[in-house]
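no sequence for this one, just the structure:
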């Protein structure tokens, strides 16, 4: 039987992994090819918590998708996928990020500006009348909780709320609010993280107007333990910059309970951040109340500022 | 009330116009903004035939979409839209072509590899439970007939056939096969066309590996009247090329009844066509049985050939 990889983005989070697994299940219910959820790196602590909670096996980690037929979930930009993505055949994409995609033939692509890719997949289950197993529902629920910060984040839409409610029922989780908080806190445990872990963990790369932008993010319930290590973190960021790896490096510490962020900004293009946020960043740090989303609250402002240069 | 333009591609065909009008109707049924179907040029003869047949008013022709909120149908590439597209806010895209799109925030985009954009819109009506008025059904039916050449073209899918059947019933057209043939023939009437009309009528531009490719297409039921004027047509194409407007110019004469094409190939990059089709084009002409679709049968081969260079 033909195998099709269903791949989430690099540095996979709960939505990337949850979407890959739940879409694979859906595809295997309706098509006669074998959809296999894959990831390019191991799950992070939050996703580990989710997989353990629902007793779901970890998807396979792959280093290459060359010559494979693939379906992308939760990303569409080549900068966020496996490097040999261009040597594979992309059959379809389901995503909720900004678009930067070029294909040489028509493909299936569904992109919606909702909180989580899992929300889009949930509505595909509904549309196609496929029933959702409890474990898969738990996984999709967790993906929505993760990406919307328990429906409190700025990317949350009505559709996320509908999916959340229904998936909560199907999953059989007794106290979803409690489960979600525990899950987010599990992901926000950072005691043993090194400065390298912080800047290489949940990191995404963007190319804007020819500039290479790197944005690492860490979710915390208390910023103090990270701020304590901030000098070492800056040193690591500067090492990365001095090797010419990027023109702008942002490290975003997000308090998932208070819904705000402290952002460290380094690199030749750091002045753009002051423009983007209309702020003056003292000592390379800037505090942004209400900001928790790279996709919705940081990247669009950076693009606008670069275009206005 | 907020106005949103629903725009088809430049040199609009029946699918571009039919999709803009049918999607606008659908949006106005469910949202409280005012969706207005617009086109960047007047309808061609085939679409004129359709609009007259169903007694549907012609959508407004606009020269600019600057500072407007817009929804794109039947295209996504900037090269095929109004030049000031970049100064508008693209809210959504529904299309069935290859993708070349970059946005600075997440948007709604639904792309499916089906024969007509109208097919995708038909299934949106079904999904949302909106009933389709007879005239709108006739328009969507005509769009599918046009893009799939009465379901005989190579881009035709199962979904197009389903949509076609249902829309035929709703439209009230007594003999759809006869209607479709008459409609295609109406569009294929070329008696009064000048060489300029042929190469500027249904023309699309593509950028592949930095090269500017122009492909004009004309649908005929008999190639003779066009071949008679071929020297003048080549002269017009060469005029265009010598002004540095493009690196490759293809003029595709497609017989919609016999399902084949004769292609004139001119420009500095013309050798690529021999590679793409594994053919030797004598006197800048090449005959391609079975080839009728730029999107599915010409562009992917060109891209592959350029990448292999």
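Received the coordinates, thanks. The structure presented is a predicted model; accordingly, all values stated were derived computationally and were not measured.

Only C-alpha atoms from now on, for both contacts and neighbour counts.
OK.

What parts of chain A come near chain B?
Proximity of chain A to chain B is assessed by C-alpha under 8 Å from any C-alpha of the partner chain, with A:96-113, A:127, A:295-296, A:299-300, A:303 identified as the residues in range.

From the residues you listed, which land in helices?
Of the positions in the residues of chain A next to chain B, A:127, A:299-300, A:303 sit in helices, assigned by DSSP state H.

Using CSV, please lay out the residues you listed together with pLDDT and neighbour count.
Rendered in CSV, the data for these read as follows (pLDDT from 0 to 100; neighbours: other C-alpha atoms under 10 Å in any protein chain shown):
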residue, pLDDT, neighbour count
A:127, 93, 11
A:299, 92, 20
A:300, 91, 18
A:303, 91, 18
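
Show me which of those residues is closest to residue B:87.
When those are compared for distance to residue B:87, the smallest value, 14.2 Å, is given by residue A:303; criterion: C-alpha to C-alpha.

isn't that closest one right next to residue B:104, touching?
Yes: because the distance of 6.5 Å satisfies C-alpha atoms under 8 Å, residue A:303 is recorded as touching residue B:104.

Just the buried residues from the residues of chain A next to chain B, in PyMOL please.
The PyMOL command for the buried members of the residues of chain A next to chain B (criterion: 16 or more other C-alpha atoms under 10 Å in any protein chain shown) is given here:
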select buried, chain A and resi 96+97+98+99+100+102+103+104+105+106+107+108+109+110+111+112+113+295+296+299+300+303
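
Of the residues of chain A next to chain B, which belong to strands?
When these are checked against strands (DSSP state E), the matches are A:100-102, A:108-111.

Which residues does the helix ranked longest in chain A contact?
Assignment by DSSP H gives helix A:14-30 as the longest helix of chain A. Judged by C-alpha atoms under 8 Å, 6 or more residues apart in numbering or on different chains, the contacts made with helix A:14-30 from elsewhere in the structure are A:6-9, A:34-39, A:43, A:46-47, A:50, A:59, A:73-74, A:116-118, A:121, A:125, A:130, A:136, A:139-140, A:142-144, A:146-147.

now stretch A:277-286
Residues contacting stretch A:277-286 (C-alpha under 8 Å, 6+ apart): A:262-266, A:273-274, A:301.

how far does it sit from the chain's center?
How far stretch A:277-286 lies from its chain's middle: 25 Å, per C-alpha atoms, centre = their mean, to the nearest Å.

try stretch A:291-299
Using C-alpha atoms, centre = their mean, the distance between the centre of stretch A:291-299 and that of its chain works out at 12 Å.

With stretch A:142-156 instead?
Distance, centroid of stretch A:142-156 to centroid of chain: 11 Å (C-alpha atoms, centre = their mean).

Straight-line length of that stretch, end to end?
Chord length of stretch A:142-156, first to last residue, is 14 Å (C-alpha to C-alpha, to the nearest Å).

can you redo the ones in strands among the residues of chain A next to chain B as a markdown table with pLDDT and distance to residue B:196?
Listed next are these as a markdown table, based on pLDDT from 0 to 100; distance: C-alpha to C-alpha, whole Å:
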| residue | pLDDT | distance to residue B:196 |
| --- | --- | --- |
| A:100 | 93 | 36 |
| A:101 | 93 | 34 |
| A:102 | 92 | 31 |
| A:108 | 97 | 36 |
| A:109 | 98 | 37 |
| A:110 | 98 | 39 |
| A:111 | 98 | 40 |
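
how about CSV for those, with distance to residue B:284 added?
Compiled in CSV, these are given as follows (distance: C-alpha to C-alpha, whole Å):
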residue, distance to residue B:284
A:100, 36
A:101, 34
A:102, 30
A:108, 35
A:109, 37
A:110, 40
A:111, 42
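
Count the residues that sit near the closest residue to residue A:274 other than its chain neighbours.
With C-alpha to C-alpha, 6 or more residues apart in numbering or on different chains as the measure, residue A:280 is the residue that lies nearest to residue A:274, at 5.5 Å, once sequence neighbours are left out. Neighbour count for residue A:280, taken as other C-alpha atoms under 10 Å in any protein chain shown: 13.

ok, now how distant is whichever residue of the stretch 151-300 of chain A sits closest to chain B from residue A:308?
Closest residue of the stretch 151-300 of chain A to chain B, C-alpha to the nearest C-alpha: residue A:300 (5.5 Å). When C-alpha to C-alpha is applied, the distance between residue A:300 and residue A:308 equals 12 Å.
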